[in-house]
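Undergrad: Here's my sequence, what's the structure:
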Amino acid sequence: MTPQSSAAVSALDTSQVKNLSIVAIVAVLVIGVIISWLVTKIVTRIIAIVLAVVLAFALYSQRATVVDKLDKAAKNCDVTFFGVHVQPSNSNVKAACNQLAEQGKK
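TA: Numbering: from 1, shown residues only. Below you'll find the model as predicted:
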């Protein structure tokens, strides 16, 4: 495997981040509701719901950051989603990021 192909495997693109984050948000909220339904103590229910909402908000916040920085224009080409490098899925943004990288090497 070449270095370039291994880098491509370990990185996400913006369309994958959008889809994965929506699925993860729904899954976290559903799991939180199921846990709160199964648990009988009210304090534990509240903690489960609060943790699910906080985790869902963190996922949404990361998603919004990635989309804002890479989806419309190449404002910042070094973007991560929970530590995983994200590549733009839009070909125009990819070209702009490549151009910025070339200017940075000079």
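
Undergrad: only C-alpha atoms for contact and neighbour calcs from this point on.
TA: Noted.

Undergrad: the longest helix in this structure is where?
TA: Longest helix in the chain by number of residues (criterion: DSSP state H): helix 42-70.

Undergrad: quick one: contacts of stretch 21-39?
TA: If you take C-alpha atoms under 8 Å, 6 or more residues apart in numbering as the criterion, stretch 21-39 is touched by 44-46, 48-49, 51-53, 55-56, 59-60, 63.

Undergrad: Buried only: go through these for me.
TA: Among the contacts of stretch 21-39, those classed as buried by neighbour count (16 or more other C-alpha atoms under 10 Å) are 45, 48-49, 52-53, 55-56, 59-60, 63.

Undergrad: How far off centre is stretch 47-60?
TA: Computed by C-alpha atoms, centre = their mean, to the nearest Å, the chain-centroid distance of stretch 47-60 equals 15 Å.

Undergrad: Do me a favour and average the pLDDT over it.
TA: Average pLDDT, stretch 47-60: 88.

Undergrad: so after the longest helix of the chain, what's the next helix or strand?
TA: strand 79-81 (DSSP states H and E).

Undergrad: strands paired with that next one, and their directions?
TA: Applying DSSP bridges, strand 79-81 is found paired with strand 84-87 (antiparallel).

Undergrad: Pull out the buried residues from the strand it pairs with.
TA: Burial within strand 84-87, assessed by neighbour count using 16+ other C-alpha under 10 Å, is assigned to 85-87.

Undergrad: Kindly format the C-alpha coordinates of that strand as CSV.
TA: Provided in CSV are the C-alpha atoms of strand 84-87 (Å, rounded to 0.1, in the frame of the first residue of the first chain):
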residue,chain,number,x,y,z
VAL,A,84,-9.8,12.1,12.3
HIS,A,85,-8.6,14.2,9.4
VAL,A,86,-11.4,15.3,7.1
GLN,A,87,-10.9,15.9,3.4
